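Colleague: my questions concern the predicted model and sequence given below.
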Amino acid sequence: MSKYSIAIHGGAGTILPEEMTRDLERQFHGALEEALGAGKKVLENGGKAADAVVASVEVLEECPLFNAGKGAVFAHNGRHILEASIMDGAAQDAGAVAGLQHIRNPIRLARAVMEKSQHVMLIGAGAEAFAREHNLEFVGNEWFSTDFRKRQLALIRDSQEVALDHSVLEKQKKFGTVGAVARDQFGNLAAATSTGGVTNKRWGRVGDSPLIGCGTYAENGVAAVSATGYGEAFIRRAVAHDLIARMKYGQQTLEQAGHGLVHQELLPLGGEGGLIAVDARGNISMPFNSDGMYRGYATADQFETLIYQP
């Protein structure tokens, strides 16, 4: 049994080495290493799994390379609209937020909902009013913007389509969500997920990331899960909870459950993407059915970040 374990992801999709510059590859590895290191530090110092996943996700929200927080994609109306969720496997407490436009770190607000309210999910103006009452940091919506995201929206805005964080300027296609899962030294599990959604989204579209049981789930004694990919498919299959159910009731291993969902259940629904998960013994699984997934994992004696298929 691993003393502690943590895994992170930063999106999946058509990510090929021949289409990645060495400099950009170094940037991605560096950002993943920073995020993974932040969570690992919490765990090695005896911190809680929930603290570790928040620490890792916050780093990814601050990095413009990923579609969460700074660097989030644009909705059709030219605004950034953010989502996040967290679940603590010990008491199965959960918090989720959607429709945010001014909260610098959505994962912090999701955690505040979990710990300081009697609710699980808050959205829009109400969620931001709750954030103000609890002194979370607000920023102007333009703070999340990058020139790259502006060009993405400009090339697709007049169509009726959305882009799942794939680059319409380059050949790479990325499904941009960030997340983390962890098992701490006391055996507690936690999962967290954050995203800017899809480019050119309309009508208040919400993906799987803030939906407990779809993009995020954790249960002590079983596993913690964070997903990334085509959100509608992950919602239809309730992927995060289904993985738990396969292990809890079907006696599948973590690897069997994750592989079956990602490679057999999701693909018929167009569900390109993947997930990261950690079980009660600290085993880690990171299956994905796309060409690549930004990811990393760490234990007391391991530390690695990866991008492409093995």
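Modeller: Perfect, I can see it now.
Colleague: how about the closest residue in space to residue 291 that isn't next to it in sequence, phi and psi?
Modeller: Of all residues not flanking residue 291 in the chain, residue 14 sits nearest, at 4.9 Å (CB to CB, 6 or more residues apart in numbering). No exception for glycine: its C-beta is placed from N, CA and C like everyone else's. Dihedral pair for residue 14: phi -80, psi 90, per degrees, to the nearest 10.
Colleague: same question, residue 227
Modeller: phi -110, psi 160.
Colleague: same question, residue 275
Modeller: The phi/psi pair for residue 275 (degrees, to the nearest 10) reads phi -150, psi 160.
Colleague: low-confidence regions, the stretch 101-250 of the chain specifically.
Modeller: 156-175 (pLDDT under 70).
Colleague: and the strands in it, which stretches?
Modeller: 121-123, 173-175, 177-183, 189-195, 216-219, 223-229 (DSSP state E, counting those that start in this stretch).
Colleague: before we move on, back to that, hang on, the residue nearest to residue 291 packs against residue 288?
Modeller: No: taking contacts as CB atoms under 8 Å, residue 14 lies outside contact range of residue 288: 11.5 Å.
Colleague: higher neighbour count, these two?
Modeller: A direct count of neighbours by other CB atoms under 10 Å for residue 14 and residue 288 places residue 288 higher, at 25 against 17.
Colleague: show me where the protein has helices.
Modeller: Assignment of helices within the chain using DSSP state H yields the ranges 22-44, 49-61, 106-116, 124-133, 147-156, 231-236, 239-248, 254-260.
Colleague: can you put those in JSON lines and add distance to residue 212 and mean neighbour count?
Modeller: Converted to JSON lines, these look like this (distance: least, CB to CB, whole Å; neighbours: other CB atoms under 10 Å):
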{"stretch": "helix 22-44", "distance to residue 212": "21", "mean neighbour count": "18"}
{"stretch": "helix 49-61", "distance to residue 212": "14", "mean neighbour count": "28"}
{"stretch": "helix 106-116", "distance to residue 212": "10", "mean neighbour count": "24"}
{"stretch": "helix 124-133", "distance to residue 212": "15", "mean neighbour count": "16"}
{"stretch": "helix 147-156", "distance to residue 212": "28", "mean neighbour count": "15"}
{"stretch": "helix 231-236", "distance to residue 212": "11", "mean neighbour count": "21"}
{"stretch": "helix 239-248", "distance to residue 212": "8", "mean neighbour count": "22"}
{"stretch": "helix 254-260", "distance to residue 212": "18", "mean neighbour count": "19"}
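Colleague: closest to residue 88 out of those?
Modeller: Among the helices of the chain, helix 49-61 comes nearest to residue 88, with 4.7 Å by CB to CB.
Colleague: what is the closest one packed up against?
Modeller: Helix 49-61 makes packing contacts with strand 5-14, helix 22-44, strand 82-88, helix 106-116, strand 177-183, strand 189-195 when contacts are defined by 3 or more CB pairs under 8 Å, 6 or more residues apart in numbering; DSSP states H and E.
Colleague: closest one to residue 292 among those?
Modeller: For residue 292, the closest of the helices and strands packed on helix 49-61 is strand 5-14, at 6.7 Å, according to CB to CB.
Colleague: please save the CA atoms from the closest one in CSV.
Modeller: C-alpha atoms of strand 5-14 as CSV (Å, rounded to 0.1, in the frame of the first residue of the first chain):
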residue,chain,number,x,y,z
SER,A,5,-0.8,9.0,-3.7
ILE,A,6,-1.8,11.9,-6.0
ALA,A,7,-2.6,12.2,-9.7
ILE,A,8,-3.5,15.3,-11.8
HIS,A,9,-4.7,15.9,-15.3
GLY,A,10,-4.8,19.0,-17.6
GLY,A,11,-7.0,17.8,-20.5
ALA,A,12,-7.0,15.1,-23.2
GLY,A,13,-7.3,15.0,-26.9
THR,A,14,-5.3,14.9,-30.2
